[in-house]
Every structure is written in structure tokens, then in C-alpha cells.
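*Asks:* structural data only, the sequence is not supplied:
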């Protein structure tokens, strides 16, 4: 019976996805502080937090789960997250779809905005550029974490 339980556990583990979710992260290389928060398509959200400049990072507490319920990282230059720049991520069957959205605002248009998932899917926005924003949306063959780097 002990061997049968071990075999069952191995079979169960083999059918689970290799990762249950992807986190959204921000790296602030700017010389100023920003504010970031998170939201999901299921209605949950997190309050805004300050992310200092000079290489500070923040990780969203709301992962994009492998269920196609997207997660959004919202960053702005104000605590109220008024007119935020967004990185949006959805994950299903080990595939990630992500984009950068200035639909609600783009307070960082004057600085470099770079987003990637494990170096496989990259969105690179030089200062002043909007060609990397929505509707550009890569389909990534990975469920690794997503990073937004400012400056």
C-alpha cells in the first residue's frame, strides 16, 4: 500500500502545472519614487505602496494564476494611482500573455519602460515611444514571473 500511495502522489504531481502562478514585479531604476498597486480580474486589489528610486523593487501580492484570470501591476507618480501605467498579465495552460498599457495614463512616457518574462518575451519602450504598448501583446511559452523596469 505504501508504494501505491507514492505512485499516486507522483502521478498527481506530474499532472500539476510546473508553476501555479506568475508574479508581477517592478524595478524602479529612476531617480524618483513611484507608487504601485495591483488588481485582478476577479475584483481583488492591493493598496498602493511607495517604491523608492535607485533600484528598489516591489512584488505584487496578486499573482496571475494559471486560470486566465489576469493580474495587473499599476504604477503612477502619485499615491492615489491616478492615471497609472500598467503591466497586464494573464496565464493559462503554461502560456503567458502580457502587455504594457497606457490606456489609463502614462506618467513615465519620458523614461525607459521595459517589460519581460524570463528574457523570452520583451517589450522595450525607449523614452517617448508608444510602439511597445497595447495592442502589442506577446504570447509567451512560459509561466515565469514578469518584470517591469522603469528608467
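*Replies:* Nice, thanks for sending it over. Computed from a predicted structure; not experimentally measured.
*Asks:* ok, how many other residues are close to residue 98?
*Replies:* Residue 98 sits with 27 neighbouring residues when counted by other Cβ atoms under 10 Å. From N, CA and C alone the C-beta is placed, and that goes for glycine too.
*Asks:* do the one 3 residues further on as well
*Replies:* Using other Cβ under 10 Å, residue 101 has 18 other residues around it.
*Asks:* try residue 82
*Replies:* Using other Cβ under 10 Å, the number of residues around residue 82 comes to 12.
*Asks:* in which helix or strand would I find it?
*Replies:* According to DSSP states H and E, residue 82 maps onto no helix or strand at all.
*Asks:* residues contacting residue 23?
*Replies:* If you count contacts by Cβ atoms under 8 Å, 6 or more residues apart in numbering, residue 23 has them with 59, 60, 63, 64, 145, 146.
*Asks:* contacting residues around the last one?
*Replies:* If a contact means Cβ under 8 Å, 6+ apart, then residue 146 has 22-25, 64, 73, 87, 89, 96, 98, 115-117 as its contacts.
*Asks:* tell me which two in the contacts of residue 23 are the farthest apart.
*Replies:* 59 and 64 (12.4 Å; Cβ to Cβ).
*Asks:* picking up where we left off before, of the contacts of residue 23 - the most surrounded one?
*Replies:* For those, the largest neighbour count, defined by other Cβ under 10 Å, is 29 neighbours, found at residue 64.
*Asks:* excluding chain neighbours, give the residue nearest to it in space.
*Replies:* Ranked by Cβ to Cβ, 6 or more residues apart in numbering and with sequence neighbours excluded, the top spatial neighbour of residue 64 is residue 71, at 4.0 Å.
*Asks:* with residue 145 instead?
*Replies:* Distances taken as Cβ to Cβ, 6+ apart place residue 23 nearest to residue 145, at 4.7 Å, with adjacent residues excluded.
*Asks:* so where's the protein shaky on pLDDT?
*Replies:* Applying pLDDT under 70 to the chain flags residues 1-20.
*Asks:* show me the strands in it, by range?
*Replies:* For the chain, the strands defined by DSSP state E cover 21-22, 24-28, 34-40, 45-51, 56-59, 64-65, 71-76, 85-92, 95-101, 113-117, 121-125, 139-140, 146-150.
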